[in-house]
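Colleague: Only the shape, not the letters, is given here:
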């Protein structure tokens with residue numbers, strides 16, 4: 001699928017020259033760092049302004065996962081690398097099922113380590129990724145600093161044609177809305193300290209946005225209890241110790257009681273938690289969690305447990 005190109009005369013703000021940093025090559029080391037840091041401090045407010053749109057994306061992604069579909073990230077260069085990092089960290093943190101989050105990075109795995117020339121301009125590759133992996137009902141989140149990366153826009157257009165819901169994260173508020181994009185999340189970070197170096201403020205904004213997005217989705221999907229990680233995969237001694245600490249924190253029970261509960265629940269932190277907080281045995285705790293879609297609070301409510 002070919003996506004109409006926007007005029008090359010409309011520069012993204014990230015490509016413009018920053019009047020606050022024109023003397024950066026004359027500065028002392030500390031002043032260089034202070035100047036970059038001053039620019040970085042503009043990022044959280046830019047992300048904050050986009051939270052209403054980000055909230056819609058969270059709800060779209062949650063609906064996709066709840067109905068048995070998937071979330072896709074699509075990006076090139078820095079955007080693709082950040083998306084890959086975010087998706088990779090969800091598995092150990094929240095024990096997400098295989099296939100919940102799928103990453104499509106222009107140029108493939110090799111482009112994670114070094115630039116692949118022309119990959120971000122390959123519209124056919126972007127569309128082919130979606131035609132191979134996306135389905136109706138999926139949610140596809142594209143990321144591009146300029147708002148017009150051909151690989152990303154072609155992927156979103158193809159996904160939309162398949163019946164997926166699509167959103168685009170852009171650091172260019174002037175970008176024309178592309179065909180096949182249901183939702184635009186514009187994060188106006190302005191010109192970079194070094195003109196066009198979008199791994200700086202634009203990349204920082206996308207990192208914050210991705211972490212916020214995926215964390216909110218995990219909370220909505222019941223992968224936390226309060227602000228505790230109750231769905232993590234305890235694959236080593238450190239994480240097994242963390243599971244025990246979380247269980248003690250959530251239930252107020254002693255170390256031995258929590259260790260016994262985890263053992264009885266075969267290491268399933270949620271089952272052990274519902275067991276201790278409700279007083280039912282681990283089998284009933286497991287059944288309640290299954291009926292509640294994995295939400296600890298909902299399971300406790302079904303069991304009549306009064307937990308604040």
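Modeller: Right, received. Where do you want to start? It should be emphasised that the depicted structure is a prediction, and the values quoted were computed from it without experimental measurement.

Colleague: Can you list the low-confidence ranges for this protein?
Modeller: 1-10, 306-308 (pLDDT under 70).

Colleague: the strands in it, which residues?
Modeller: 71-75, 101-105, 139-144, 165-170, 183-186, 224-225, 228-229 (DSSP state E).

Colleague: List the strands paired with the first one, with their directions.
Modeller: Right, strand 71-75. strand 101-105 (parallel), strand 139-144 (parallel) (DSSP bridges).

Colleague: can you list contacts of the longest one?
Modeller: Read it as strand 139-144. Residues outside strand 139-144 that contact it (CB atoms under 8 Å, 6 or more residues apart in numbering): 57, 60-61, 63-64, 69-76, 79-80, 82-83, 130, 134, 152-153, 155-156, 159-160, 164-170, 181, 206, 210, 213. Glycine gets a C-beta too; all of them are placed from N, C-alpha and C.

Colleague: Quick check: the gap between residue 257 and residue 264.
Modeller: 11 Å (CB to CB, to the nearest Å).

Colleague: Quick one: residues contacting the closest residue to residue 47 other than its chain neighbours.
Modeller: Of all residues not flanking residue 47 in the chain, residue 208 sits nearest, at 5.1 Å (CB to CB, 6 or more residues apart in numbering). Residue 208 makes contact with 43-44, 47 under the criterion CB under 8 Å, 6+ apart.

Colleague: which of these are buried?
Modeller: Burial of the contacts of residue 208 was assessed by neighbour count (16 or more other CB atoms under 10 Å); the buried members are 43, 47.

Colleague: rewinding a little: and residue 218, which of the strands paired with strand 71-75 is closest to it?
Modeller: Closest approach to residue 218 among the strands paired with strand 71-75 (CB to CB): strand 101-105, 10.3 Å.

Colleague: most residues in a single helix of the chain, which one?
Modeller: What stands out as the longest helix in the chain, according to DSSP state H, is helix 201-220.

Colleague: a markdown table for the strands paired with strand 71-75, including mean neighbour count?
Modeller: Shown next, in a markdown table, are the strands paired with strand 71-75 (neighbours: other CB atoms under 10 Å):
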| stretch | mean neighbour count |
| --- | --- |
| strand 101-105 | 22 |
| strand 139-144 | 30 |
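
Colleague: The stretch 51-200 of the chain: helices as residue ranges?
Modeller: 51-66, 78-94, 123-133, 150-162 (DSSP state H, counting those that start in this stretch).

Colleague: Would you mind putting those helices into CSV with mean neighbour count and distance to residue 197 alongside?
Modeller: As requested, those are arranged in CSV below (neighbours: other CB atoms under 10 Å; distance: least, CB to CB, whole Å):
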stretch, mean neighbour count, distance to residue 197
helix 51-66, 17, 24
helix 78-94, 20, 9
helix 123-133, 19, 24
helix 150-162, 26, 19
